[in-house]
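In: Provided below are the primary sequence and the corresponding predicted coordinates.
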Amino acid sequence: MQQLIRYGLVGAATNLVMYAVYLLITYLGVEPKKTMTLLYVIGASIGFIGHRKWSFAHTGNATKAIARYTITHLSGYFLNWMILFVFVDQLGYAHQLVQGVTIFIIAGYLFIVFKYFVFPENNRSNNSI
């Protein structure tokens with residue numbers, strides 16, 4: 001439960017700032033998926049340190065964790081992009097609403113994958129990517 005709370009705190013702080021920047025950039029006319037792409041990379045980069053050190057207290061191999069983190073975020077990015085494509089481009093929903101909801105969907109997905117794949121507990125095997 002502590003991991004979930006810490007993950008939520010790191011994620012909430014990062015995502016609130018990133019969502020505000022997303023709204024600003026799209027308001028200025030930049031296409032939503034391009035904006036999401038830029039901010040996803042920035043947010044993921046910032047999040048690695050916070051999640052590794054504080055959320056999950058991971059002490060395993062950092063290089064392997066970075067590889068798994070990258071794989072995980074690539075899948076999270078693809079999921080985010082597809083949600084925007086389907087609900088905004090195909091179905092016509094407002095991108096602001098769709099991205100706001102998608103933040104929570106991706107956060108739940110990432111927590112599960114971070115916990116069991118990226119930053120597994122120290123007593124589990126960290127040998128495989």
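Out: That came through fine. Numbering: from 1, shown residues only.

In: Quick one: low-confidence residue ranges for this structure.
Out: Where the chain drops to pLDDT under 70, the residues are 122-129.

In: Regarding it, what is its longest helix?
Out: Across the chain, the longest stretch assigned as helix under DSSP state H is helix 2-27.

In: list the helices and strands that helix packs on?
Out: Packing partners of helix 2-27 (3 or more CB pairs under 8 Å, 6 or more residues apart in numbering; DSSP states H and E): helix 32-50, helix 95-113. (Each C-beta comes from the backbone N, C-alpha and C, glycine too.)

In: Pull out the buried positions in that helix.
Out: 3, 6, 7, 10, 11, 14, 15, 18, 19, 22, 25, 26 (16 or more other CB atoms under 10 Å).

In: From residue 30, how far out is the fifth one?
Out: Right, residue 11. As judged by CB to CB, to the nearest Å, residue 11 and residue 30 stand 24 Å apart.

In: Equivalent analysis for the first one, please.
Out: When CB to CB is the yardstick, residue 3 and residue 30 sit 35 Å from each other.

In: Widest-spaced pair of the buried residues of helix 2-27?
Out: The most widely separated members of the buried residues of helix 2-27, counting by CB to CB, are 3 and 26 (32.4 Å).

In: coming back round to it: got the angle for the longest helix of the chain vs helix 95-113?
Out: 150 degrees (axes from the mean of the first three to the mean of the last three CA atoms, to 10 degrees).

In: Tell me how far helix 2-27 lies from the chain's centre.
Out: 9 Å (CA atoms, centre = their mean, to the nearest Å).
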